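K.L.:
After the sequence you'll find the predicted model.
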Amino acid sequence: MNECRNALVTYCIKVERTFKVDKSDQVKVNPFKHTCQESTLRKDTISRAKSRWVAEEVKKWVKENQQVGPKELQKNIKDKFKIDLPYMRLFNGRFKGQLVAACAVDAHSFVFPVAYGVLETESEESWTWFLHNLRRAIAHPNGLVIHTDACKGLEVAVDNVFPGVEHRECMRHLAANFMKKFKGKVYTDNLWLASLTCSVKKHNYHLRQLYMNPKVKEYLETHHSKLWARSQFSEVSKVDYVHNNLAESFNSTIRKLKGHYVVDLLDRIRIEYMQKFHYRAGIAEAKFMGHIIIPAVMNELKQKTTGLEMNMTLCSGTTAEISYLDKEKREWRYPVDLEARTCSRRQW
């Protein structure tokens with residue numbers, strides 16, 4: 001079946017046709033050439049050239065030169081088929097695997113890679129294997145948060161290997177999918193605000209605006225059941241990211257290494273982060289020793305508190321009520337307890 005599909009893709013790319021496979025596994029080819037704009041044609045062509053097709057097409061070049069890298073293969077594909085495929089499409093086709101990683105955030109908001117490896121493919125079985133090894137390394141500590149991208153099989157694997165964990169999903173992916181289905185000012189004005197606010201009251205306010213369309217509630221509960229709003233996050237973990245940019249940061253760090261063979265790649269990533277940890281340890285020893293709160297965090301707190309117009313009503317030496325008016329002149333009030341380290345706004 002794969003050989004047939006790859007051959008069909010090659011044919012359609014060469015003659016600029018499209019095809020689809022219906023539920024009965026019958027192939028239907030559009031007999032007419034594209035008359036759409038060049039950008040649309042290019043997008044359709046690239047989407048058809050998936051990693052499995054790339055793997056088949058580059059096989060001959062890899063056999064002839066086992067040292068050939070993704071960049072050269074990218075050029076060969078462009079010369080032969082007149083299409084410019086993304087680098088990662090060539091990387092995945094070249095090595096027939098997926099580089100995956102579990103990353104955390106340290107006290108300085110630096111990326112802290114916990115585990116990484118190569119999967120045969122993104123599937124529930126492969127992710128389960130990776131997560132079982134991750135659990136062997138970190139166990140299942142109280143307050144553990146796992147934040148995932150929209151990867152095939154990953155959500156199910158997380159729930160199976162880490163039952164009961166606080167499972168968040170990437171707001172950037174959620175918003176992209178949401179905006180394809182629901183368009184209008186009420187959605188653009190309220191969706192991201194519902195995610196970013198730490199206040200349960202404000203979150204519910206924005207949800208009410210979204211839920212004026214009953215289909216929105218049904219869609220979010222059906223397709224995005226993981227946590228995506230800060231007001232729903234537990235207060236044990238102090239990382240309040242609603243996106244999964246840690247993965248992008250990790251990819252950016254190792255991008256220059258991705259042309260290597262798998263074994264060399266994994267070893268070079270290890271060396272890269274050994275050097276980073278040594279460098280960071282030097283910074284900590286030189287600048288952070290003796291500080292209860294590191295200088296970078298203090299600077300961020302000062303920036304966030306500069307120019308705040310809030311009223312404080314003291315209840316005791318450690319408790320108070322904070323109130324302020326938002327841009328729409330609505331008053332918000334938040335009880336704060338310094339000793340218990342609680343605030344009803346939840347942005348502690």
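P.N.:
Done, it's in.

K.L.:
buried residues in stretch 335-348?
P.N.:
Going by neighbour count (16 or more other CB atoms under 10 Å), the buried part of stretch 335-348 is 336, 343, 344, 345, 346. No exception for glycine: its C-beta is placed from N, CA and C like everyone else's.

K.L.:
so which of these comes closest to residue 148?
P.N.:
Closest approach between the buried residues of stretch 335-348 and residue 148, by CB to CB: residue 346, at 22.6 Å.

K.L.:
Spatially nearest residue to that closest one, not counting backbone neighbours?
P.N.:
residue 198 (4.2 Å; CB to CB, 6 or more residues apart in numbering).

K.L.:
likewise residue 106?
P.N.:
Per CB to CB, 6+ apart, closest to residue 106 is residue 112, 4.6 Å.

K.L.:
Would you reformat the buried residues of stretch 335-348 as a markdown table and include secondary structure, distance to residue 262 and pLDDT?
P.N.:
Listed next are those as a markdown table, based on DSSP: H, G, I helix; E, B strand; the rest coil; distance: CB to CB, whole Å; pLDDT from 0 to 100:
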| residue | secondary structure | distance to residue 262 | pLDDT |
| --- | --- | --- | --- |
| 336 | strand | 52 | 92 |
| 343 | strand | 48 | 86 |
| 344 | coil | 50 | 85 |
| 345 | coil | 47 | 80 |
| 346 | coil | 43 | 82 |
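
K.L.:
What is the most widely separated pair among these?
P.N.:
With CB to CB as the measure, no two of the buried residues of stretch 335-348 lie farther apart than 336 and 346, at 11.0 Å.

K.L.:
need the contact list for the residue nearest to the spatial centre of the chain.
P.N.:
Here the mean C-alpha position of the chain is nearest to the C-alpha of residue 244 (CA atoms, centre = their mean), at a distance of 3.3 Å. Contact partners of residue 244, counting by CB atoms under 8 Å, 6 or more residues apart in numbering, are 147, 148, 149, 170, 172, 173.

K.L.:
how near is the residue nearest to it when sequence neighbours are not counted to residue 63?
P.N.:
Distances taken as CB to CB, 6+ apart put residue 170 closest to residue 244, at 4.0 Å, once the chain neighbours are dropped. Distance of residue 170 to residue 63, given as CB to CB, to the nearest Å: 38 Å.

K.L.:
likewise residue 329?
P.N.:
From residue 329 over to residue 63 (counting by CB to CB), the distance is 71 Å.

K.L.:
more neighbours, those two?
P.N.:
Neighbour totals were compared for residue 329 and residue 63, and residue 63 leads with 9 against 6 (other CB atoms under 10 Å).

K.L.:
What are the buried residues along stretch 72-88?
P.N.:
So, applying 16+ other CB under 10 Å, buried residues of stretch 72-88: 72, 73, 74, 76, 77, 85.

K.L.:
The second one: helix or strand, and which one exactly?
P.N.:
When elements are defined using DSSP states H and E, residue 73 is found to belong to helix 70-81.

K.L.:
Figure out how far that helix is from the centre of its chain.
P.N.:
Distance, stretch centre to chain centre, for helix 70-81: 28 Å (CA atoms, centre = their mean, to the nearest Å).

K.L.:
Which other helices and strands does that helix contact?
P.N.:
helix 51-64, helix 87-95 (3 or more CB pairs under 8 Å, 6 or more residues apart in numbering; DSSP states H and E).

K.L.:
for the stretch 201-348 of the chain, what spans make up the helices?
P.N.:
214-223, 245-254, 262-283, 295-305 (DSSP state H, counting those that start in this stretch).

K.L.:
most packed of these?
P.N.:
helix 245-254 (a mean of 16; mean count of other CB atoms under 10 Å).

K.L.:
angle of that one against helix 262-283?
P.N.:
Helix 245-254 runs at 100 degrees relative to helix 262-283, counting by axes from the mean of the first three to the mean of the last three CA atoms, to 10 degrees.
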